[in-house]
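In: here is the input, now give the coordinates:
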Amino acid sequence: VNPTSVMGASKRIAEMVVRNIASKAKPDQTFVSVRFGNVLGSRGSVIPIFKRQIASGGPVTVTHPEMKRYFMTIPEAAQLVLQAAALPYNGKVYVLDMGEPVKIKNLAEDLIKLSGFTPYQDIDIVYTGLRPGEKLFEELLMAEEGTVESPHEKIFIANQNGIDESFEEKLEYLLRVAQDGDKEEILSVIKMIVPTFRARLEDSAMDISRLS
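Out: Numbering: from 1, shown residues only. This is a model prediction of the structure:
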């Protein structure tokens with residue numbers, strides 16, 4: 001939602017791919033997407049990183065004191081995704097109820113305490129600063145979208161505009177320029193497909209280099 005990195009924009013495009021496929025679904029087919037935040041204990045989760053840093057005596061590295069993220073457990077995420085897939089609404093984008101966002105700083109402090117140490121005394125917390133394309137706050141909905149209820153109390157349906165008629169043509173062109181490695185053209189096409197993509201050119205070029 002309102003992506004500031006190429007990875008974020010690619011997720012938005014993936015939603016569009018699924019919705020485009022859904023528009024061509026057979027009567028017995030259903031294609032949906034599910035949006036949710038971070039899954040505790042999953043690959044890339046901050047918890048294992050914090051645990052390793054605490055075990056080695058610190059410091060624990062946090063991007064920014066005001067950074068917040070949504071969290072849910074692996075069982076919660078898996079169950080809600082399966083339940084969303086069982087809902088009979090082809091082409092929908094579901095948004096899971098993630099509760100309230102959590103400050104990463106508070107999460108780090110709690111984990112240090114649970115490990116038997118005192119934050120800032122036994123184990124320090126160091127702020128590393130936002131990386132290119134990184135957000136302080138996670139967004140699950142665009143301002144103009146809003147949601148409607150589904151039969152499941154923790155699953156909502158995002159209001160969506162129609163897919164651009166030229167979407168498939170733009171997607172095919174994006175694949176061609178990606179294969180050619182033309183970074184500036186890649187960014188240009190991404191912005192055509194995802195108008196809310198708002199990254200600086202130099203940051204996005206670095207982003208593409210890491211992904212490649």
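In: alpha carbons only for contacts and neighbour counts from here, please
Out: Will do.
In: tell me the helices and strands packed up against the helix ranked longest in the chain.
Out: The longest helix of the chain (DSSP state H) is helix 6-22. When contacts are defined as 3 or more CA pairs under 8 Å, 6 or more residues apart in numbering; DSSP states H and E, helix 6-22 packs onto helix 201-211.
In: can you pull the pLDDT of the closest residue to Gly8 other than its chain neighbours?
Out: Closest residue in space to Gly8, ignoring its immediate chain neighbours: Val1 at 7.5 Å, by CA to CA, 6 or more residues apart in numbering. As predicted, Val1 sits at a pLDDT of 75.
In: same thing with Met7?
Out: 87.
In: in the chain, which spans are helices?
Out: 6-22, 46-55, 74-86, 104-114, 167-180, 183-193, 201-211.
In: mean pLDDT lowest for which of those helices?
Out: helix 201-211 (a mean of 50).
In: before we move on, back to that, how much space between the residue nearest to Gly8 and Leu136?
Out: 13 Å (CA to CA, to the nearest Å).
In: so for these two, which residue has more residues nearby?
Out: Val1 (17 against 14; other CA atoms under 10 Å).
In: just confirm that one contacts Arg12, I think it does.
Out: Yes. Using CA atoms under 8 Å, Val1 is in contact with Arg12, at 6.9 Å.
In: what's the neighbour count on Phe31?
Out: 20.
In: should've said Val93
Out: With other CA under 10 Å as criterion, Val93 counts 23.
In: ok, it touching Ile157?
Out: Yes. Contact criterion CA under 8 Å: Val93 and Ile157 qualify, at 5.9 Å.
In: list the buried residues of the longest helix of the chain.
Out: Val6, Gly8, Ala9, Arg12, Ile13, Glu15, Met16, Val17, Val18, Arg19, Asn20, Ala22 (16 or more other CA atoms under 10 Å).
In: dump those to JSON lines, plus distance to Met67.
Out: Below are these laid out as JSON lines (distance: CA to CA, whole Å):
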{"residue": "Val6", "distance to Met67": "20"}
{"residue": "Gly8", "distance to Met67": "17"}
{"residue": "Ala9", "distance to Met67": "20"}
{"residue": "Arg12", "distance to Met67": "22"}
{"residue": "Ile13", "distance to Met67": "25"}
{"residue": "Glu15", "distance to Met67": "26"}
{"residue": "Met16", "distance to Met67": "28"}
{"residue": "Val17", "distance to Met67": "30"}
{"residue": "Val18", "distance to Met67": "30"}
{"residue": "Arg19", "distance to Met67": "31"}
{"residue": "Asn20", "distance to Met67": "34"}
{"residue": "Ala22", "distance to Met67": "35"}
